[in-house]
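Engineer: pasting the structure only:
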């Protein structure tokens, strides 16, 4: 589709909507980066969000844009996408984020966006345009990323327990209060690196669909990259305090040593997934890591009933956002 065939104001409106989603992603997922460091008392909430936002943006210099390429070209065939599909996908994802934020449920902004893209595409052209390799890879990591977070978080907790076996409780607490700043920074870096790229991918998909970029382009425009990283950083600055309470206090009570292990295990998972271009959920990852740490410390201290509610939200995210996106795809055709 040539650029002249799509009104510039429509493209601008959708870019703004995408950046709003990116801002809400940071707002919604701020808890992923700061819940443990706040709940352990290492940083005050205002300090923690500024700290996390800084590393969200610094991630622009660390990671290649493999996740953006997966979202932009690896979920659906770009030739089928139009502005109505993008509108439906973004509204579906934003609506789900608002709903889960309101109820304090740590769901996935990433999977909300993927579900939105899939649902709007299905409404337009059925299943044929779906790139099943990319879709199935994303779906698989709904389960793989929290399992990896759980495994790495629990293994780190066991290892640290052995290393610090003869340390006094005071020495352990003071040492890991400092180390948790490192782990929180690493996790925020991984959060920015994986999540900002999803919005880069949807804007890239929009530009290709509207004729302002070519499918053969190896990278999206520089302004897209910078605006998405800045938007997620600003969203993190405002923070989603309802979810912070769930992540940092209701799942299990954490001490600095536990926070360090959870964040480090989660960061390792995110770094690996981003290197392979897999759009994973930072929410799923850190939740799994927190459960892993809590289960090592004291399995009975983990609220496994709450875990069941969280997992149900994870499972329903993609189909729920797909349905909402399909509805708004139809509404978009009536409006524009």
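Structural biologist: That came through fine. Owing to the predicted nature of the structure, the values given are computational and were not obtained by experimental measurement.

Engineer: so how far is residue 296 from residue 167?
Structural biologist: Counting by Cβ to Cβ, to the nearest Å, the separation of residue 167 from residue 296 is 17 Å. For the C-beta atoms, the positions are set from N, CA and C on the backbone; glycine is no exception.

Engineer: Those two: who's more crowded?
Structural biologist: Under the criterion of other Cβ atoms under 10 Å, the comparison of residue 167 against residue 296 puts residue 296 first, with 19 against 14.

Engineer: pLDDT weak spots in the stretch 51-200 of the chain?
Structural biologist: 104-106 (pLDDT under 70).

Engineer: one more time with 80, if that's ok
Structural biologist: 100-110 (pLDDT under 80).

Engineer: try the stretch 201-336 of the chain
Structural biologist: Ranges of the stretch 201-336 of the chain meeting pLDDT under 80: 215-216, 239-255, 283-284, 294-295, 297-315, 335-336.

Engineer: Now do the helices in it.
Structural biologist: For the stretch 201-336 of the chain, helices defined by DSSP state H, counting those that start in this stretch occupy the ranges 222-238, 241-245, 256-275, 282-298, 304-335.

Engineer: For the third one, name the packing helices and strands.
Structural biologist: With contacts defined as 3 or more Cβ pairs under 8 Å, 6 or more residues apart in numbering; DSSP states H and E, the packing partners of helix 256-275 are helix 8-39, helix 66-73, helix 132-163, helix 169-210, helix 282-298.

Engineer: Ok, which of the ones you listed comes nearest residue 322?
Structural biologist: helix 132-163 (11.0 Å; Cβ to Cβ).

Engineer: other SSEs contacting the closest one?
Structural biologist: When contacts are defined as 3+ Cβ pairs under 8 Å, 6+ apart, helix 132-163 sits against helix 66-73, helix 109-125, helix 256-275, helix 282-298, helix 304-335.

Engineer: Same list, those, but as JSON lines with distance to residue 90 please.
Structural biologist: Listed next are the helices and strands packed on helix 132-163 as JSON lines, based on distance: least, Cβ to Cβ, whole Å:
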{"stretch": "helix 66-73", "distance to residue 90": "12"}
{"stretch": "helix 109-125", "distance to residue 90": "7"}
{"stretch": "helix 256-275", "distance to residue 90": "22"}
{"stretch": "helix 282-298", "distance to residue 90": "19"}
{"stretch": "helix 304-335", "distance to residue 90": "8"}
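
Engineer: what's the closest of those helices to residue 149?
Structural biologist: Per Cβ to Cβ, nearest to residue 149 of the helices and strands packed on helix 132-163: helix 282-298, 3.4 Å.

Engineer: centre of the chain versus that closest one, how much separation?
Structural biologist: 16 Å (Cα atoms, centre = their mean, to the nearest Å).

Engineer: does the residue located most distally from the centre of the chain sit in a helix, a strand or a coil?
Structural biologist: In the chain, residue 166 marks the outermost C-alpha relative to the chain mean, sitting 38.2 Å out by Cα atoms, centre = their mean. Per DSSP: H, G, I helix; E, B strand; the rest coil, the local secondary structure of residue 166 is coil.

Engineer: what separates it from residue 65, distance-wise?
Structural biologist: For residue 166, the distance to residue 65 (Cβ to Cβ) stands at 46 Å.

Engineer: and residue 289, how many neighbours does it have?
Structural biologist: Neighbours of residue 289 (other Cβ under 10 Å): 34.

Engineer: ok, residue 228 - contacts?
Structural biologist: 19, 22, 196, 197, 199, 200, 203 (Cβ atoms under 8 Å, 6 or more residues apart in numbering).

Engineer: Apply 10 Å and report the result again.
Structural biologist: Residues in contact with residue 228 (Cβ atoms under 10 Å, 6 or more residues apart in numbering) are 18-19, 21-23, 25, 60, 68, 192, 195-204, 220.

Engineer: Next one: it from residue 68, what distance?
Structural biologist: 9 Å.

Engineer: next one: residue 287
Structural biologist: Distance of residue 287 to residue 68, computed by Cβ to Cβ: 24 Å.
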